[in-house]
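A.B. asks: Provide a 3D model corresponding to the input given below.
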Amino acid sequence: QVQLVESGGGLVQAGDSLRLSCAASGRTYAMGWFRQAPGKEREFVASLIRGGGSTYYANSVKGRFTISSDNAKNTVYLQMNSLNPEDTAVYYCAAARTGWTRPIYRYQYDYWGQGTQVTVSS
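C.D. replies: Next comes the predicted model:
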């Protein structure tokens, strides 16, 4: 069982930056970030394959968000720049045990964090 602990959410203004962190208690193959806005489905944001593998981004965040990892700390980060009100959501960290080729779907993930709120005001 892997536990994920997220941090870094908050209230910011449009154009600001924010960095989310997700600390994992065990080894995983891939880690990702998803988000869920009120009344909407949880959607994919970004993911990476541990150990220097590929990264993947949703079109809506490409060029603004960056996912990275610190293997020594077993932590994954999501650097979010140029935030806009449409980015407002609860952001969830997720971890996958299986070696998926493109870990961008919810069903591919085995463990989930509790979520952290990101609110972007206009």
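A.B. asks: how about the helices of this structure, start to end?
C.D. replies: Secondary structure of the chain, counting by DSSP state H: no helices present.
A.B. asks: residue closest to the middle of it?
C.D. replies: Most central residue of the chain, judged by C-alpha distance to the mean C-alpha position with C-alpha atoms, centre = their mean, is W33 at 2.1 Å.
A.B. asks: Skipping its backbone neighbours, what lies nearest that one in space?
C.D. replies: Using C-beta to C-beta, 6 or more residues apart in numbering and skipping residues adjacent in sequence, the residue nearest W33 is V45, 4.3 Å away. The C-beta positions use only the backbone N, C-alpha and C, and glycine is treated the same way.
A.B. asks: Hmm, Y56 and the one you found touching each other?
C.D. replies: No - under the contact definition of C-beta atoms under 8 Å, V45 does not touch Y56, with a separation of 9.5 Å.
A.B. asks: Now do the shared contacts for these two.
C.D. replies: G32 (C-beta atoms under 8 Å, 6 or more residues apart in numbering).
A.B. asks: So which of the two has more stuff around it?
C.D. replies: Using other C-beta atoms under 10 Å, the more surrounded residue of V45 and Y56 is V45, with 24 against 18.
A.B. asks: Let me see the contact set for that one.
C.D. replies: Listed by C-beta under 8 Å, 6+ apart, the contact set of V45 reads G32, W33, F34, R35, Y57, A58, V61, F65, L78, Y91.
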